[in-house]
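Enquirer: fold the following.
(2 chains)
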Amino acid sequence: DQQVKQNSPSLSVQEGRISILNCDYTNSMFDYFLWYKKYPAEGPTFLISISSIKDKNEDGRFTVFLNKSAKHLSLHIVPSQPGDSAVYFCAASAAGRRALTFGSGTRLQVQP
Amino acid sequence: KAGVTQTPRYLIKTRGQQVTLSCSPISGHRSVSWYQQTPGQGLQFLFEYFSETQRNKGNFPGRFSGRQFSNSRSEMNVSTLELGDSALYLCASGPGTVESYEQYFGPGTRLTVT
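Expert: Numbering: from 1, shown residues only, chains lettered A, B, ... in the order given. Take a look at the predicted model:
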């Protein structure tokens, strides 16, 4: 049973445009959400997080939106750059636990 | 600040052997977690240690164990290796406080079981 789902295996966008990566979850106990970027043969790099008490968090070009009623979150990257090309993972944590449950990832390709 | 370091980076073992992987967290971080990444199952949580105590555990068999030392460094052990244990093993560290759930990952140890 996949508790965190990233339904788009891949996404291709033009440099300078917006990239929107989506993530859905089923476990109502999740209350903290994180996005990671991963290059091949490297560990995931933390990008941005959001607590369930918020619906938006921004950090530079990255913004995460959380819709608790829909159990949906999204990562917006504006503007997209070729260096953003990587696999992006959504992860979730339940209250008091630091056991991250990861989605299957979305491969983002930013075309120059 | 130095990042999370893991040793060794690559390892080849034979079925039935055991293996120990090592992780040094970011200075000041007291929480260390371990994850397994495979093509079929993706990234899966193994366990988390905080102040030398296992605080959370994932759904892995007892062949997978770990420990944390007083300096927050951690080791993970897998006994009686099986072919299916071939994976990238990732260590992550974080402050482990109620205010912060972020975890920062190391480069991983690529384990191949033959």
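Enquirer: please identify the buried residues of stretch B:14-34?
Expert: Under the neighbour-count criterion of 16 or more other CB atoms under 10 Å in any protein chain shown, stretch B:14-34 has B:19, B:21, B:23-26, B:29-34 buried. Glycine gets a C-beta too; all of them are placed from N, C-alpha and C.
Enquirer: let me fix that, I meant to ask about stretch A:98-112.
Expert: Quick answer for stretch A:98-112 (16+ other CB under 10 Å): A:98-106, A:108, A:110.
Enquirer: so which of those reach chain B?
Expert: Subset of these in contact with chain B: A:98-105, counting by CB under 8 Å from any CB of the partner chain.
Enquirer: show me the contacts for the residue in chain B that chain A sits nearest to.
Expert: Residue nearest to chain A within chain B (CB to the nearest CB): residue B:105, separated by 3.4 Å. Residue B:105 makes contacts with A:36, A:43-46, B:4, B:35, B:90-92, as judged by CB atoms under 8 Å, 6 or more residues apart in numbering or on different chains.
Enquirer: just checking, what packs against the lowest-mean-pLDDT helix or strand in chain B?
Expert: The helix or strand of chain B with the poorest confidence is strand B:53-57; it has a mean of 91 (mean pLDDT, DSSP states H and E). Identification of packing neighbours for strand B:53-57 by 3 or more CB pairs under 8 Å, 6 or more residues apart in numbering or on different chains; DSSP states H and E yields strand B:42-50.
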